[in-house]
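>>> I would like to see how this sequence folds:
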Amino acid sequence: MLVITGRPGVGKSTLFNRVVETLRRNNLSVAGLIAFEERDSSGVRVGFKIQDLSSGDWAWLAKRDYSSHVRVGAYGVFVEEANRIVERALSKEVVGKSDVLCVDEVGPMELKLPSFKPLLIEALRLGKPSILVVHYRLSDPDILKLLENSEKLFLTFENRDMLNRTLPMSVLEKIKG
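Okay, here's the model as predicted:
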């Protein structure tokens, strides 16, 4: 299992996407999730969407000023909508049929979804090759325990260019080899 972490804005999602693209170009099926920023026309972040990597289905994860009983900072979480995406993307059936499990990100917003943690733990226990982007301040003891023996990569501004060139093929070789 590979765990990618680092400070916000350093390029974790960019690196993750390159790895996923490389796996797919080499005919490996990818299950999992990606959460990505949504910005308005002036470039201001308005929220986050969550997408099932195997089906392409997506929903809002959180949006600035969205009225929700579940909040992370200025963002209201779309619990029901986002949870439906998680339930399919991390289901035993979908993950079991895939070659690789990929999740970006294991972070505070995703952990607000009731199905995320138990399904992530169950999916990781299937033993598939896995690539996870993990929030740099993740403190969940159950998830951290599962990640103890993982290969950990701390992405920085200094190492990101080199890793973007080398990591995707390195991951592919490990999975195929």
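>>> Would you state the helices of the chain in chain order?
Using DSSP state H, the helices of the chain run over 12-25, 79-89, 92-97, 116-124, 141-146, 160-176.
>>> Which one of these lies nearest to D104?
Using CB to CB as the measure, helix 12-25 is the one of the helices of the chain that comes nearest D104, at 4.5 Å. For glycine as for every other residue, the C-beta is placed from the backbone atoms N, C-alpha and C.
>>> what angle sits between the closest one and helix 160-176?
40 degrees (axes from the mean of the first three to the mean of the last three CA atoms, to 10 degrees).
>>> how far does helix 12-25 sit from the chain's center?
Relative to the chain's own centre, helix 12-25 is displaced by 11 Å; criterion: CA atoms, centre = their mean, to the nearest Å.
>>> pLDDT of that helix, averaged?
Mean per-residue pLDDT for helix 12-25: 97.
>>> quick one, longest strand in the chain?
strand 30-39 (DSSP state E).
>>> And for V94, the neighbour number?
V94: 20 surrounding residues under other CB atoms under 10 Å.
>>> F154 versus that one, what's the distance?
V94 sits at a distance of 30 Å from F154 (criterion: CB to CB, to the nearest Å).
>>> who's in contact with S54?
When contacts are counted by CB atoms under 8 Å, 6 or more residues apart in numbering, S54 touches S29, V30, A31, G32, A89, V94, S98.
>>> Of those, grab the buried ones for ChimeraX.
Written as a ChimeraX command, the selection of buried residues from the contacts of S54, which uses 16 or more other CB atoms under 10 Å, is:
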select :30,31,32,89,94,98
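>>> Just flag the most distant two among the contacts of S54.
Taking CB to CB, no two of those sit farther apart than S29 and A89, at 12.8 Å.
>>> Beta-bridge partners for the spatially most central residue of the chain, please?
For the chain, the residue nearest the mean C-alpha position is D104 (1.3 Å; CA atoms, centre = their mean). Bridge pairing for D104 (DSSP bridges) gives the partners I34, V133.
>>> Next, work out how far apart it and D40 are.
22 Å.
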